[in-house]
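Peer 1: From the sequence below, what's the structure:
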Amino acid sequence: CLKKVQYAVLDEADRMLDMGFEPDVRKIMSMVRTDRQTLLFSATWPQEVQRLGLSFVKDPVIIFIGDRGNKLVANKSVTQTIEVIEDYAKDRRINELLKKYHNGKNRVIVFCLYKKEAARVEGMLRKRRWQGQSIHGNKSQ
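Peer 2: Numbers count the residues shown, from 1 in each chain. Below is the predicted model:
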């Protein structure tokens, strides 16, 4: 029963809005007790996310990490490269990039869209003798 919920956590609220889930979130939150504690996490803080988040809280405490404005600024010590390639070439290309950039000192993060793909990429990298670990919601943290 949702009326017993004491803590409501909205993670990736910006993505929920982008994907059109605001009516669903509002419906669920209307079924949760009003004296709950609500936590909202968002990588971005556009007006729509602020409006959604603030409609679910009383006396909010807002913590910003980085720029308080609406503009996103990448960390200057991180190099971001985007390549659009065909599915069949991805494994070969990731191996090439790891050989080029991983020197034993730096660390590399590979983002995957799906949990299943994260597990597949982890297995592929292990077969090629790269150390790594996939992290996603279906694994114990």
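
Peer 1: Tell me where the chain has strands.
Peer 2: For the chain, the strands defined by DSSP state E occupy 7-11, 37-41.

Peer 1: and of those strands, who's closest to Thr79?
Peer 2: Closest approach to Thr79 among the strands of the chain is made by strand 37-41 (25.6 Å; CB to CB). For glycine as for every other residue, the C-beta is placed from the backbone atoms N, C-alpha and C.

Peer 1: got the buried residues for the closest one?
Peer 2: Across strand 37-41, burial judged by 16 or more other CB atoms under 10 Å covers Leu40.

Peer 1: Just checking the distance from it to the centre of its chain.
Peer 2: Taking CA atoms, centre = their mean, to the nearest Å, the mean C-alpha location of strand 37-41 is offset from the chain mean by 15 Å.

Peer 1: elements contacting it?
Peer 2: If you count contacts as 3 or more CB pairs under 8 Å, 6 or more residues apart in numbering; DSSP states H and E, strand 37-41 packs onto strand 7-11.

Peer 1: The strand it packs on packs against which elements?
Peer 2: Applying 3+ CB pairs under 8 Å, 6+ apart, one finds that strand 7-11 makes contact with strand 37-41.
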